[in-house]
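Engineer: A structural model of the following input is requested.
(one chain, ligands or ions: 1)
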Amino acid sequence: MRATGSQILDRVADVLALLRGLQTLRCPEADCLVRIRFRAVISEEVKRLTALATDHTLHAHHH
Ligand SMILES: [Zn+2]
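Structural biologist: Numbering: from 1, shown residues only. Down below sits the predicted model:
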């Protein structure tokens, strides 16, 4: 995958979020902009949010 300038800025924003104690989950679909940002919480909640972020069938209607 070729990184565009905006994608690099996107990564920087994710790193900055991480430094503030936030984690970013993003959909694996390249064209999908769905992402979930959260503060590290209990593992059950992380699992639930991860499933939500990575299941593109849950956000496919945005296309
Ligand atoms: Zn998606």
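
Engineer: against which helices or strands is the one helix or strand residue 14 maps to packed?
Structural biologist: Following DSSP states H and E, one finds residue 14 within helix 5-19. When contacts are defined as 3 or more CB pairs under 8 Å, 6 or more residues apart in numbering; DSSP states H and E, helix 5-19 packs onto strand 22-26. C-beta here means a position set from N, CA and C on the backbone, and glycine is covered the same way.

Engineer: buried set for the strand it packs on?
Structural biologist: Within strand 22-26, the residues that count as buried by 16 or more other CB atoms under 10 Å are 23-25.

Engineer: tell me, how many residues neighbour the nearest residue to residue 25 once chain neighbours are set aside?
Structural biologist: Excluding its sequence neighbours, the residue lying closest to residue 25 (CB to CB, 6 or more residues apart in numbering) is residue 53, at 3.5 Å. By other CB atoms under 10 Å, 21 other residues sit near residue 53.

Engineer: assign residue 53 to helix, strand or coil.
Structural biologist: Three-state assignment for residue 53 (DSSP: H, G, I helix; E, B strand; the rest coil): helix.

Engineer: got a list of what it touches?
Structural biologist: 25-27, 34-36 (CB atoms under 8 Å, 6 or more residues apart in numbering).

Engineer: of those, list those near the ion.
Structural biologist: By CB under 5 Å from the ion, the members of these lying near the ion are 27, 34.

Engineer: from the contacts of residue 53, pick the one nearest the ion.
Structural biologist: The closest of the contacts of residue 53 to the ion turns out to be residue 27 (CB to the ion; 3.2 Å).

Engineer: what does this structure have sitting close to the ion?
Structural biologist: 27, 29, 32, 34, 56, 59.

Engineer: give me the low-pLDDT residue ranges for this protein?
Structural biologist: Regions of the chain meeting the criterion pLDDT under 70 cover residues 1, 3, 40, 61-63.

Engineer: which strand residues bridge residue 35?
Structural biologist: Under DSSP bridges, the beta-bridge partners of residue 35 are residue 26.
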